[in-house]
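Student: Could you look at this predicted model? Sequence included:
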Amino acid sequence: MLELQLRQAATVLLESAIRIAPPHTREWGRAMMGELNYVEGSWAGTMWALGSSGVLAKQALVSLMIRLYH
């Protein structure tokens, strides 16, 4: 049961990160989502989603900063 919940949480997290990602990085985010299906183990999948989401969130932040200061 916990394994299914972890996988679902990982999926929701990554989907949320894709929604806030800048348009030019969303395809990359969808590719990361596709890779999540091949990551074996719930904890490994969760860590994959956390790392991927972190990268997309950083891209969103950089994009926002660039828009604010230009």
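Tutor: Looks like it came in fine.

Student: pLDDT value on M1, please?
Tutor: What the model reports for M1 is a pLDDT of 87.

Student: How much space separates it from R7?
Tutor: 11 Å (C-beta to C-beta, to the nearest Å). No exception for glycine: its C-beta is placed from N, CA and C like everyone else's.

Student: Show me which of the two is the more surrounded one.
Tutor: R7 (19 against 5; other C-beta atoms under 10 Å).

Student: ok, how many other residues are close to M65?
Tutor: 10.

Student: Kindly report the same for Q8.
Tutor: Other residues within reach of Q8, judged by other C-beta under 10 Å, total 11.

Student: rewinding a little: which neighbours do M1 and R7 have in common?
Tutor: Common contact partners of M1 and R7 (C-beta atoms under 8 Å, 6 or more residues apart in numbering): none.

Student: T11 and A49 touch, don't they?
Tutor: Yes. The pair T11 / A49 is scored as a contact, 7.2 Å apart, by C-beta atoms under 8 Å.
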